[in-house]
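J.: Here you go, sequence then predicted model.
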Amino acid sequence: MRSDPSTHDTAATSQVHKPKLLLPFILILLCAIAVGFGIRYYKNRPEPTTEVAWKVYFSEADGIESPYSLEKRLVHRLGAAEARVDAALYDLDAAPVADALIEAYNRGVQVRIVTEADNIDESEIGRLREVGIPVVDDGDNQGLMHHKFIVIDEQYVWTGSYNTTYNGAYKNSNNVILIDSAQLAYNFTQEFRELFLSAQVGKPSGAFVAYPKVSLNDGTEVFTYFSPEADTISPLVKEIQAAEQSIHFMTFAFTHDILGSAMRDRFKSGIDVRGVFEEKQVNNEYSEYKAMKAAGLSVIVDRSSGTMHHKVIVIDAETVITGSYNFSKNAEKRNNENLLIIKGNREIASAYLAEFAKIVR
């Protein structure tokens, strides 16, 4: 005999309806947990920067009293560091920069340094070590640890031709680009870690770049390369061959014949090619200066009292190539270097072209 549902006892009724009552409660609980995680995530996220995604700086000869020197700009940036500073510096003899690193360390910022073995005995490096900042060098590496980059709070990348020395800031012609990008910072942090670990445990450095192409919030594209592990000459030649109107370069050392030949070929094709060489380097038997001059390119020698230390190419007033990378086979095959190819930003290119005009006038 089929039972009437209305005659079920109380116990039976509770067993039938308990899951239905629990389901809304579980859903509410899950929603509350999700909201909690969301609040925690957004609370801990870095505040969005109100700055532009990049800034370009140039050295000011004899400008020690200027608040806009590369040294003082770097000291200011280090003063704002909150969590971490990883610095790969070929040379560090600037006391104000060492002071800023020590001050950051003393306020709880994790500070680590990699430097060139030839410069490990600098007095300012000694001061860093005395307070407990870990400093390593590249040992007996055949090439140079030639980087000049700093990663601040895994968000900001400071790189260019500027060695952290008095001459680098106040005597020589140098450039720095500061880029606000967590992805680019990750690329440089990985390079730093590889160098740091290699110095400590002999781990070989790899060529992997997590974000080979980084897009900034203004549409600028930044391509990252590290030598000697990665192929650096092919992308350089590719950019030269793609030039449609103009190529401007200013370089401390230009001895790479493949790159020089690519520029001479573009000149023969009607591209306006102009360049400035450092005076100390033009008599190098491998310098591209004489070959370019003989081919009719508009190239000159810098005659200023300081060193013309840039490593920059500007293509079609839109693409900028910069970093620590001299245009040489040593930079390609032996040294630890960084090379950025920055595309799609005429404002950045304009800044470097203004520096070019300043040097050649």
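T.: Done, it's in.

J.: Format the CA atom coordinates belonging to stretch 53-70 as PDB.
T.: In PDB, the C-alpha atoms belonging to stretch 53-70 read as follows (Å, rounded to 0.1, in the frame of the first residue of the first chain):
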ATOM      1  CA  ALA A  53      55.400  54.100 -17.300                       C
ATOM      2  CA  TRP A  54      59.000  55.300 -18.000                       C
ATOM      3  CA  LYS A  55      61.400  58.100 -17.500                       C
ATOM      4  CA  VAL A  56      64.600  58.900 -19.400                       C
ATOM      5  CA  TYR A  57      67.600  60.700 -17.800                       C
ATOM      6  CA  PHE A  58      70.900  61.900 -19.000                       C
ATOM      7  CA  SER A  59      74.100  62.900 -17.100                       C
ATOM      8  CA  GLU A  60      74.900  66.500 -16.600                       C
ATOM      9  CA  ALA A  61      78.600  67.300 -17.000                       C
ATOM     10  CA  ASP A  62      79.900  69.300 -14.000                       C
ATOM     11  CA  GLY A  63      76.400  69.400 -12.600                       C
ATOM     12  CA  ILE A  64      77.200  68.300  -9.100                       C
ATOM     13  CA  GLU A  65      75.000  71.000  -7.600                       C
ATOM     14  CA  SER A  66      72.100  70.000  -9.800                       C
ATOM     15  CA  PRO A  67      69.300  68.000  -8.200                       C
ATOM     16  CA  TYR A  68      68.800  66.300 -11.600                       C
ATOM     17  CA  SER A  69      72.100  64.400 -11.800                       C
ATOM     18  CA  LEU A  70      71.900  60.700 -12.400                       C
END
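
J.: and the helix or strand harbouring Glu194, average pLDDT?
T.: For Glu194, the host element (DSSP states H and E) is helix 182-201. Mean per-residue pLDDT for helix 182-201: 91.

J.: isn't Glu355 right next to Glu60, touching?
T.: No: using C-beta atoms under 8 Å, Glu355 is not in contact with Glu60, being 11.4 Å away. The way it works is simple: take the backbone N, C-alpha and C, and place the C-beta from them, glycine included.

J.: More neighbours: which of those two?
T.: Using other C-beta atoms under 10 Å as the criterion, Glu355 and Glu60 rank with Glu355 on top: 21 against 18.

J.: now the nearest residue to that one once chain neighbours are set aside, which residues is it bridged with?
T.: Distance criterion C-beta to C-beta, 6 or more residues apart in numbering; nearest residue to Glu355, sequence neighbours excluded, is Phe58 at 5.3 Å. Phe58 forms beta bridges with Asn175, as assigned by DSSP bridges.

J.: In three-state terms, label Ile133 for me.
T.: Following DSSP: H, G, I helix; E, B strand; the rest coil, we place Ile133 in the coil state.

J.: okay, Pro19: pLDDT?
T.: On the pLDDT scale, Pro19 gets 43.

J.: Any idea how many residues pack against the closest residue to Asn326 other than its chain neighbours?
T.: Using C-beta to C-beta, 6+ apart and skipping the chain neighbours, the partner closest in space to Asn326 is Ala253 (4.1 Å). Burial measure for Ala253: 21 neighbouring residues, criterion other C-beta under 10 Å.

J.: so what's Ala253 up against?
T.: By C-beta atoms under 8 Å, 6 or more residues apart in numbering, Ala253 lies in contact with 278, 281, 284, 287, 326-328.

J.: Surely Ser123 is in contact with Ala94?
T.: No: using C-beta under 8 Å, Ser123 makes no contact with Ala94, being 11.1 Å away.

J.: quick one: which of these two has more around it?
T.: Neighbour count, other C-beta under 10 Å: between Ser123 and Ala94, Ala94 has more, with 24 against 10.

J.: was I right about the more buried one contacting Leu70?
T.: No: look at Ala94 against Leu70 with C-beta under 8 Å: they stay out of range, at 9.6 Å.

J.: Now name the helix or strand holding Arg264.
T.: If you go by DSSP H and E, Arg264 is part of helix 257-268.

J.: Output that helix as CSV, nothing but the C-alphas.
T.: Written as CSV, here are the backbone C-alpha positions of helix 257-268 (Å, rounded to 0.1, in the frame of the first residue of the first chain):
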residue,chain,number,x,y,z
ASP,A,257,81.5,44.4,-38.2
ILE,A,258,78.2,42.6,-38.8
LEU,A,259,76.3,45.5,-37.3
GLY,A,260,78.5,48.0,-39.0
SER,A,261,78.0,46.3,-42.4
ALA,A,262,74.2,46.4,-41.8
MET,A,263,74.3,50.1,-41.3
ARG,A,264,76.5,50.7,-44.4
ASP,A,265,74.1,48.7,-46.4
ARG,A,266,71.1,50.7,-45.2
PHE,A,267,73.0,53.9,-46.1
LYS,A,268,73.6,52.6,-49.6
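
J.: averaged over its residues, what pLDDT does stretch 111-121 have?
T.: 97.

J.: contacting residues around it?
T.: Residues outside stretch 111-121 that contact it (C-beta under 8 Å, 6+ apart) are 84-93, 101, 104-105, 122, 125, 128, 133-141, 144-147, 192, 195-196, 199.
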